[in-house]
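Undergrad: Return a 3D structure for these sequence lines:
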Amino acid sequence: MVKMKIVYEGQLRCTLTHEQSGSVISTDAPKDNHGRGEAFSPTDLVAAALGSCMLTVMGIMAAKHNIDLQGTSVDVSKEMVATPLRRIGTIGVVFHMAPGIPQDKRSMLEAAAHSCPVHKSLHPDVNTPIQFIYL
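TA: Numbering: from 1, shown residues only. All right, here's what the predicted structure looks like:
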């Protein structure tokens, strides 16, 4: 079990501490929801977690097959919807794959990305278009 501590600092800001590592991040409400948008919002973290999780799971698979993913990057976009209630509507994920990934290994890496726990934990109403761009 992983534990985190979250403290409300006021003015719609929170400090999040990962107890095992001591890592700390802050959140702020977005400008379109009464905040200043000066840090990741909680829903931004969900979107970032999706991209990071997918890339991490791909990295695990790549290591098992001696594939070098170093330099691969992910662009993540998040769009909110307001009806019937405010929630994440779409998280778009675009992978820019490192050069030299063998053609015959690409579908395996893509399948690994789709199997990440964050992706599997999202509600089916959250649209998640995913694109892989190979150099």
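Undergrad: From residue 39, how far off is residue 6?
TA: 13 Å (Cβ to Cβ, to the nearest Å). Every C-beta, even on glycine, is put in place using the N, C-alpha and C of the backbone.
Undergrad: Same drill for those two, tell me which one is more crowded.
TA: The neighbour count for residue 6 versus residue 39, taken as other Cβ atoms under 10 Å, is higher for residue 39 (17 against 11).
Undergrad: Now do the same for the closest residue in space to the more buried one that isn't next to it in sequence: its pLDDT.
TA: Using Cβ to Cβ, 6 or more residues apart in numbering and skipping the chain neighbours, the partner closest in space to residue 39 is residue 28 (4.1 Å). Per-residue confidence (pLDDT) for residue 28: 97.
Undergrad: Report how many residues lie close to residue 28.
TA: Neighbours of residue 28 (other Cβ under 10 Å): 19.
Undergrad: quick one, strands of this protein?
TA: 4-10, 13-18, 24-28, 73-81, 87-96, 130-133 (DSSP state E).
Undergrad: can you put those in a markdown table and add distance to residue 60?
TA: Converted to a markdown table, the strands of the chain look like this (distance: least, Cβ to Cβ, whole Å):
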| stretch | distance to residue 60 |
| --- | --- |
| strand 4-10 | 23 |
| strand 13-18 | 20 |
| strand 24-28 | 23 |
| strand 73-81 | 15 |
| strand 87-96 | 15 |
| strand 130-133 | 17 |
